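Undergrad: here is my input; please provide its structure:
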Amino acid sequence: MMDRLQSALDALAGGRMIIITGDRLRGGDIDFCMAARHVTPDAINFMATHGRGLICLALTPKRASDLGIELINPGPDQQSGRPHGRSIEAARGVTTGISAADRAHTIKVAVAPDTTAGDLVSPGHVFPLITAEGGVSVRPAAAEASIELCRRAGAGDAAVICSIMRDDGEMARIEDIGHLVSERGLQVCDIAQLLELRGEE
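TA: So this is what the prediction gives:
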């Protein structure tokens, strides 16, 4: 199992995409994941084409705070439990904001070390997820797993994730996309592997 985890870390470190499974808060939905620092227009287009779900930028609470991004609904009332921040767009360098190139640019701006809140506008076409302090031990979900994996891979502390749907619009499971995993050589990491590793540390 740890060999599979290391293969996923190597892929992230090399700027490649992986798949995260085992999200306990979304009924087992699966996600594409890539380190935000390595995102490209081609990667965004791949996620939009083959994932079809919402493309999100997973951020640590500190990074979100530094960028002036707050939870849309921080209170307990009518709470979905999904940690969405307000949507963002790069203040400069985009056109409509929705193209793969524009979204990749916004993500690169959001994770650049010298970016401030003034470099972003809202609403936009990139959807931040503000992860929980404590990571997967507190919230065993894809957003937290993506950041922990990127950190362990030495690929920064922000990630781009996209939930994967089947051709018929239902949420995919890993067995539904075996052909894609094989054709693209995608590494797969289950959140349980991270929890097991944490338990050993």
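Undergrad: distance from the chain centre to stretch 151-166, please.
TA: Distance, stretch centre to chain centre, for stretch 151-166: 4 Å (CA atoms, centre = their mean, to the nearest Å).
Undergrad: can you check stretch 55-69 too?
TA: 11 Å.
Undergrad: quick one: low-confidence ranges for the protein?
TA: By pLDDT under 70, the low-scoring segments of the chain are 1, 200-201.
Undergrad: which residue is nearest the centroid of the protein?
TA: When the chain is reduced to its mean C-alpha position, the nearest residue by CA atoms, centre = their mean turns out to be Ile161, at 2.7 Å.
Undergrad: surely Cys189 is in contact with Gln6?
TA: No. Cys189 is beyond contact range of Gln6, at 9.7 Å (criterion: CB atoms under 8 Å). The C-beta positions use only the backbone N, C-alpha and C, and glycine is treated the same way.
Undergrad: mind checking which of those two has more residues around it?
TA: Just comparing Cys189 and Gln6: by other CB atoms under 10 Å the higher neighbour count belongs to Cys189, 25 against 14.
Undergrad: who does that one bridge with?
TA: Ile20 (DSSP bridges).
Undergrad: quick one, strands of this structure?
TA: Per DSSP state E, the chain carries strands over the ranges 18-21, 31-35, 52-59, 88-90, 120-130, 159-164, 187-190.
Undergrad: so which of those strands gets nearest Lys108?
TA: Closest approach to Lys108 among the strands of the chain is made by strand 88-90 (8.2 Å; CB to CB).
Undergrad: so which bits of that closest one are buried?
TA: Neighbour counts over strand 88-90 (16 or more other CB atoms under 10 Å) mark Ile88, Glu89, Ala90 as buried.
Undergrad: and that strand, which strands flank it?
TA: If you go by DSSP bridges, strand 88-90 pairs up with strand 120-130 (antiparallel).
Undergrad: what is the orientation angle of the partner strand with strand 52-59?
TA: With axes from the mean of the first three to the mean of the last three CA atoms, to 10 degrees applied, the angle from strand 120-130 to strand 52-59 works out at 90 degrees.
Undergrad: can I get strand 120-130 in CSV? Just the C-alpha atoms.
TA: In CSV, the C-alpha atoms belonging to strand 120-130 read as follows (Å, rounded to 0.1, in the frame of the first residue of the first chain):
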residue,chain,number,x,y,z
LEU,A,120,-7.7,38.8,-7.0
VAL,A,121,-11.3,39.8,-7.8
SER,A,122,-14.6,38.1,-7.1
PRO,A,123,-16.8,36.5,-8.2
GLY,A,124,-14.7,34.4,-10.5
HIS,A,125,-14.3,31.0,-12.1
VAL,A,126,-11.9,29.3,-9.6
PHE,A,127,-13.6,27.9,-6.5
PRO,A,128,-11.4,27.8,-3.3
LEU,A,129,-11.8,25.2,-0.7
ILE,A,130,-10.5,26.2,2.7
